[in-house]
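# sequence and predicted structure below; questions after.
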Amino acid sequence: MSQAEQAEPRVRPMTQEDVDAVYDIDVRSYALPWSARAYRYELSQNANARLWVAELPDEHARPRVVGMIVTWIILDEAHIGTIATHPDYRRRGVAEALLRQALRDATRLGAVQALLEVRRSNLPAQALYIKFGFKQTGVRPRYYQDNQEDALLMTLDPLEEPE
Ligand SMILES: CC(C)(COP(=O)(O)OP(=O)(O)OC[C@H]1O[C@@H](n2cnc3c(N)ncnc32)[C@H](O)[C@@H]1OP(=O)(O)O)[C@@H](O)C(=O)NCCC(=O)NCCS
């Protein structure tokens, strides 16, 4: 394994300069990606939004944005809006590092539970959430517009600061 492949992901707040890279990851990861404008809006206009990126070294050892997460903190609830890892960098702990940071941040802001929607067919993402203790607590029938797929509602309650 190369040095770059051994590196730990570094998580930091997203900035406007990251939006092109974030949008590229989104398009590669989702049938219904957010627009670059949506990210710009969340960064600049939504005081409840917390946006993070993860970096790993590229083949020249330069930091590259390889994943992102967006969380909305509404009163004592953290809603995971989106999370994705660039397809070339999956299964290297990027999403786990992002989710850990987002949940830690949410607890510090007073959130006591976390929730999210996930496609019924998205078993990799469900495995990630189960690893953090999320449980399925509901179904939103035909939630996704592209194929009318159901969303599973998953909840982490109580939300405790991850190690
Ligand atoms: C789901 C997703 C974010 C995971 O990102 P990742 O960086 O590859 O995940 P990690 O390497 O941090 O994996 C953490 C854990 O998630 C689970 N997991 C991740 N990918 C998995 C897969 N393909 N199959 C089974 N479990 C998986 C495992 O429990 C894994 O822990 P382990 O490696 O110790 O087994 C990524 O596959 C992705 O971007 N998918 C497209 C977008 C998406 O579906 N987002 C979620 C929408 S709700």
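It's in.

# residue closest to the middle of this protein?
Nearest to the mean C-alpha position of the chain, counting by C-alpha atoms, centre = their mean, stands residue 83 at 2.2 Å.

# neighbours around residue 115, how many?
Per other C-beta atoms under 10 Å, the neighbour tally for residue 115 reads 17. C-betas here are computed from N, CA, C, even on glycine.

# whoops, residue 130 was the one
13.

# my read is it is in a helix, agree?
Yes. Under DSSP: H, G, I helix; E, B strand; the rest coil, residue 130 falls within a helix.

# what does the chain have sitting close to the ligand?
29-30, 67, 83-85, 90-96, 118, 122, 124-125, 127-128, 131 (C-beta under 6 Å from any ligand atom).

# are any of those residues buried, and which?
For those, a burial check counting by 16 or more other C-beta atoms under 10 Å picks out 29, 67, 83-85, 92-96, 118, 125, 128.

# can you tell me the SS state at the residue nearest to the centre of the chain?
Residue 83 ends up strand, using three-state DSSP.

# got the contact list for it?
Applying C-beta atoms under 8 Å, 6 or more residues apart in numbering, one finds that residue 83 lies in contact with 67-70, 95, 98-99, 102, 125.

# nearest to residue 112 among those residues?
residue 102 (14.9 Å; C-beta to C-beta).

# per-residue pLDDT, the closest one?
Turning to residue 102, the model gives it a pLDDT of 98.

# okay if I get the contacts of residue 83 as JSON lines plus secondary structure?
Listed next are the contacts of residue 83 as JSON lines, based on three-state DSSP:
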{"residue": "67", "secondary structure": "strand"}
{"residue": "68", "secondary structure": "strand"}
{"residue": "69", "secondary structure": "strand"}
{"residue": "70", "secondary structure": "strand"}
{"residue": "95", "secondary structure": "helix"}
{"residue": "98", "secondary structure": "helix"}
{"residue": "99", "secondary structure": "helix"}
{"residue": "102", "secondary structure": "helix"}
{"residue": "125", "secondary structure": "helix"}
